[in-house]
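Undergrad: Sequence and predicted model, in that order:
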Amino acid sequence: MTPGSKLRVTGKAHDHEVEQVCEKGLNLYTRALRQGRIPADEADEIPCPLVLGLLNPAPDDRNLLEPVAPGVALHRLLRASADRIAEERRREERLTETFASLARREGVPDMPSSASAMKVLEGVEGINRALTDAMADASRELLCVQPNLHYTDARGRRAQPRALARDQALLDRGGRIRALYQHTQRHLPLIHSRYERLRGDVEARSLDEVTDRLIVVDRAVAFMPADKEATRALEIRQPTVVGFLVTVFDRLWRLATPMYPEAAPQPSVNGVTPRQHAIAALLVEGHTDAVIAERLGMNIRTAREHIAKLAATLGSGSRAQLGYLIARSGILVREE
């Protein structure tokens, strides 16, 4: 069955388009699983399990049918569904480009973007499905910004195997992965163990501050949160917007410090660590401890410990004096 096509099966009192197995077909498949084999002529009246590949002729007896394992059957059906969705999206893009070209040729004002150029995805499962569909067609590159990402919560543990499978499939097709994290996460064992399980061109770097979560697939489609709870997301296919997001990522990437596969050292300068340097810049801007902690991905107690160490290094006795000493010390001046 070709992607996006609809095959029609017809049997005795059985006539429908095949996109998924019907109730009668599911009952036949269930009985085959229970019995191990069923007579082939039973599929004459209910052919959809055979058409969808849920049943195959027995290798030693063509008059019998054997069921495919449920896990294999599910994968085939999901793959077919993903192919249909991808083909419909490609059809939308072709139609949009065709009619936009006609409009330009006739001097008609710019047409609005297609409905698929930007849409809201509802729910974690809906977001994961859309990301899986996009990754299924990817062959070049996956760009990720992952601020404050935790793999220890229940939702993260459930999603990780699926994400690993998607990533490895891209790598197997010759693609590459670039991931950007905050410095606070550069030593988390779970992050390193995740990448160690992948085989291919994978690289991760870290920064003190990054943007909100961002995923860009093949520089063609981008995903970003639509709420703080990460239960809604935007899927963006508008080329200008996606191009802007890729430019932002590329600039952050050049500023970032390598953390995987090899971590670059972060030596202190004049007794001031890179973390304290980032805190110093935010202190001079007048931010509170809470804001500094949030922007640098740490808890407020850790932020205050770093502020205290910075004050001790510069010999400051008060918050107001600390800002003055930071400015006078020159530690925020970039070296050209």
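TA: Looks like it came in fine.
Undergrad: residue contacts, the closest residue to residue 236 other than its chain neighbours?
TA: Distance criterion C-beta to C-beta, 6 or more residues apart in numbering; nearest residue to residue 236, sequence neighbours excluded, is residue 222 at 4.4 Å. All C-beta atoms are positioned from the backbone trio N, CA, C, and that covers glycine. Neighbouring residues of residue 222 by C-beta atoms under 8 Å, 6 or more residues apart in numbering: 214, 215, 216, 234, 235, 236, 241, 242, 245.
Undergrad: The fourth one sits in which helix or strand?
TA: For residue 234, the element it lies in under DSSP states H and E is strand 232-236.
Undergrad: just the contacts of residue 222 now: which is nearest residue 43?
TA: Nearest to residue 43 out of the contacts of residue 222 is residue 235 (C-beta to C-beta; 39.5 Å).
Undergrad: Please name the bridge partners of the closest one.
TA: Beta bridges link residue 235 to residue 119, residue 223 when assigned by DSSP bridges.
Undergrad: Can you check the pLDDT for it?
TA: On pLDDT, residue 235 comes in at 92.
Undergrad: these two touch, right, it and residue 121?
TA: Yes. Contact criterion C-beta atoms under 8 Å: residue 235 and residue 121 qualify, at 5.6 Å.
Undergrad: These two: who's more crowded?
TA: Each of residue 235 and residue 121 has its neighbours counted (other C-beta atoms under 10 Å); residue 235 has more, 22 against 19.
Undergrad: contacting residues for the closest residue to residue 212 other than its chain neighbours?
TA: Spatial nearest neighbour of residue 212, excluding adjacent residues (C-beta to C-beta, 6+ apart): residue 225 at 5.9 Å. Listed by C-beta under 8 Å, 6+ apart, the contact set of residue 225 reads 212, 213, 232, 233, 234.
Undergrad: Now, of those residues, which are buried?
TA: Buried by 16 or more other C-beta atoms under 10 Å: 213, 232, 233, out of these.
Undergrad: Serialize those to a markdown table and add fields for distance to residue 326.
TA: Output for those, formatted as a markdown table (distance: C-beta to C-beta, whole Å):
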| residue | distance to residue 326 |
| --- | --- |
| 213 | 31 |
| 232 | 40 |
| 233 | 39 |
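Undergrad: nearest to residue 35, of those?
TA: Nearest to residue 35 among the buried ones among the contacts of residue 225 is residue 233, at 44.4 Å by C-beta to C-beta.
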